[in-house]
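In: missing the sequence, but the structure's below:
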């Protein structure tokens, strides 16, 4: 099976292949980068060169994980492996795309944490508008209802017995099984409640579902509105087999 164009983005960026990257797009490239914001056609060549140099200096490789694809677009998940100050880093990356009628890319939005790369969190404003009446199906809807009200027991019940959640900062930060998930969500909700989330767009292909959203609050703390994404993988039972998060949100309780 031919890979979706969005799955070729990071490998071509590592290679510094500007022509190959441009061929992925139906028109002039439009890329939203976590650090640089929107990169349009005129800035694209310098962006590719700078990215290629930085990735080469850090001995970067990429591991494809999964692609959630619908007729309107796709979300590519991968792990970028590189070396930072002599230490290996495994950075989860999600690339959400809008697809043109000829199956090439109209635009892409890249999601990953800045923390493993720079040692700090970066406030990233919303990329997409919130949609008030967006429908979250079945277990994804129940998960987000529990997330909003800070319901530890309820949210853990949405996972299959061997289900797990991977955090955004490191591919190895996985919480699997009811006990580990309960500990994770107890900490997550320790600031007086759940998360304030505004949903922007959803891509559901059945086995997996990709969601882009904006986080507005963490428990009792209001936050600058920040863009985020997650992918939800369903088990055969309809419960969650995996939740993989892509954001750079800082826990208010961890701030100095």
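Out: Done, it's in. Here the structure is a predicted model, which is why all the values come from computation and not from measurement.
In: can we go C-alpha only for contacts and neighbour counts from here?
Out: OK.
In: my read is residue 47 is in a helix, agree?
Out: Yes: with DSSP: H, G, I helix; E, B strand; the rest coil as the criterion, residue 47 is assigned to a helix.
In: separation between it and residue 97?
Out: Using CA to CA, to the nearest Å, one obtains 18 Å as the distance from residue 47 to residue 97.
In: comparing these two, which residue is more hemmed in?
Out: residue 97 (22 against 19; other CA atoms under 10 Å).
In: for whichever strand or helix holds that one, packing partners?
Out: Taking DSSP states H and E as the definition, residue 97 sits inside strand 87-99. Using 3 or more CA pairs under 8 Å, 6 or more residues apart in numbering; DSSP states H and E as the contact criterion, the secondary-structure elements in contact with strand 87-99 are strand 73-84, strand 105-111, strand 240-246.
In: what's the weakest-modelled helix or strand in the protein?
Out: Ranked by mean pLDDT, DSSP states H and E, the weakest helix or strand in the chain is helix 115-118, scoring a mean of 90.
In: show me how far that helix is from its chain's centre.
Out: Its chain's C-alpha centre lies 15 Å from the corresponding centre of helix 115-118 when counted by CA atoms, centre = their mean, to the nearest Å.
In: strands along this protein, start to end?
Out: 31-33, 37-39, 61-70, 73-84, 87-99, 105-111, 159-166, 174-176, 195-204, 208-218, 221-234, 240-246 (DSSP state E).
In: one step back: could you dump the helices and strands packed on strand 87-99 to TSV with distance to residue 138, mean neighbour count and mean pLDDT?
Out: Putting the helices and strands packed on strand 87-99 into TSV (distance: least, CA to CA, whole Å; neighbours: other CA atoms under 10 Å; pLDDT from 0 to 100) gives the following:
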stretch	distance to residue 138	mean neighbour count	mean pLDDT
strand 73-84	20	21	95
strand 105-111	25	23	96
strand 240-246	10	23	98
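In: on that earlier part again, now render the strands of the chain as TSV, adding distance to residue 185.
Out: Conversion of the strands of the chain to TSV gives the following (distance: least, CA to CA, whole Å):
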stretch	distance to residue 185
strand 31-33	29
strand 37-39	31
strand 61-70	25
strand 73-84	23
strand 87-99	20
strand 105-111	22
strand 159-166	10
strand 174-176	10
strand 195-204	11
strand 208-218	12
strand 221-234	16
strand 240-246	13
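In: check contacts around residue 246.
Out: Listed by CA atoms under 8 Å, 6 or more residues apart in numbering, the contact set of residue 246 reads 92, 93, 94, 111, 112, 113, 167, 168, 228, 229, 230.
In: quick check, residue 167 in contact with residue 176.
Out: No: applying CA atoms under 8 Å as the test, residue 167 and residue 176 come out as separate, 11.4 Å apart.
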